[in-house]
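Student: any chance you could fold what I've pasted below:
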Amino acid sequence: VDFTHATELGVTIRGELFAHLLFELILNCSGWRFVQLAYSETFESISDGIQNAFWSLGGVTEVVCHDSLSAATKELKETAGRMLTPRFKFLMEHYGIQSRRIRVRKANENGVVESGHGTLKSALRQALVLRGSKDFESVEVYLVFVAAVVARLNEKCAGRLEQERPSLRQLPSARIPSHTDV
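Tutor: Okay, the predicted model is just below:
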């Protein structure tokens, strides 16, 4: 899982540049991906993204690989290491997932999703050219466009996903809240 900056695509909503990120979860074996809008790299965004991906997929992976984003990890002052935040740890435990954090500045250790960002952005750029405009009437219309591009990417790996599906574990009985009470 990871976030990628999508503002660089130059998408506008009614003429205004749309500053946003995309959350992406990609399965290592099949290449199946889940993408959703994010405005920042918060716990709420990563929790919502992971949960929406699993419920969309209909199962849970054994491991989630991620970088050292502060939404999931916090720095240990004494050892200069990092550990999971209590909320992210609870999310992982709720779904029975092992969390695997890559080393700082070692994006290649999460190469599937890092490479996937390039594939996604390339597909979006090409689809924008074919569309003839980067301007959308609303965020919702833009998200329908993104979902169609992602669906085309996922069609290419449908057979591999069916081979991978038996290794997915059962979803828990319910999601946990992705919001923060203040």
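
Student: and the longest helix for this structure?
Tutor: helix 111-131 (DSSP state H).

Student: which neighbouring elements make contact with whichever helix or strand comes after that helix?
Tutor: Counting by DSSP states H and E, the next helix or strand C-terminal to helix 111-131 is strand 135-136. With contacts defined as 3 or more C-beta pairs under 8 Å, 6 or more residues apart in numbering; DSSP states H and E, strand 135-136 has these neighbours: strand 12-13. Bear in mind the C-beta positions are built from the backbone N, C-alpha and C, glycine included.

Student: what's the neighbour count on Phe88?
Tutor: 23 (other C-beta atoms under 10 Å).

Student: list the contacts for the nearest residue to it once chain neighbours are set aside?
Tutor: Closest residue in space to Phe88, ignoring its immediate chain neighbours: Ala72 at 4.2 Å, by C-beta to C-beta, 6 or more residues apart in numbering. By C-beta atoms under 8 Å, 6 or more residues apart in numbering, the residues touching Ala72 are Phe43, Ile46, His66, Leu84, Thr85, Phe88, Ser99, Arg101.

Student: chain center to the longest helix of the chain, what's the gap?
Tutor: 14 Å (C-alpha atoms, centre = their mean, to the nearest Å).

Student: can you give me the buried ones in it?
Tutor: Neighbour-count burial for helix 111-131, counted by 16 or more other C-beta atoms under 10 Å, picks out Val113, Glu114, Gly116, His117, Leu120, Lys121, Leu124, Leu128.

Student: mind listing the residues bridging to the closest residue in space to the third one that isn't next to it in sequence?
Tutor: When the adjacent residues along the chain are set aside, Gly116 lies closest to Ile26, with 4.5 Å between them (C-beta to C-beta, 6+ apart). With DSSP bridges as the criterion, Ile26 is bridged to Arg33.

Student: if we can go back for a sec, can you tell me which of the contacts of Ala72 are in strands?
Tutor: Of the positions in the contacts of Ala72, His66, Leu84, Ser99, Arg101 sit in strands, assigned by DSSP state E.

Student: by pLDDT, rank these and give me the bottom one.
Tutor: Of all those, Arg101 carries the smallest pLDDT score, 74.
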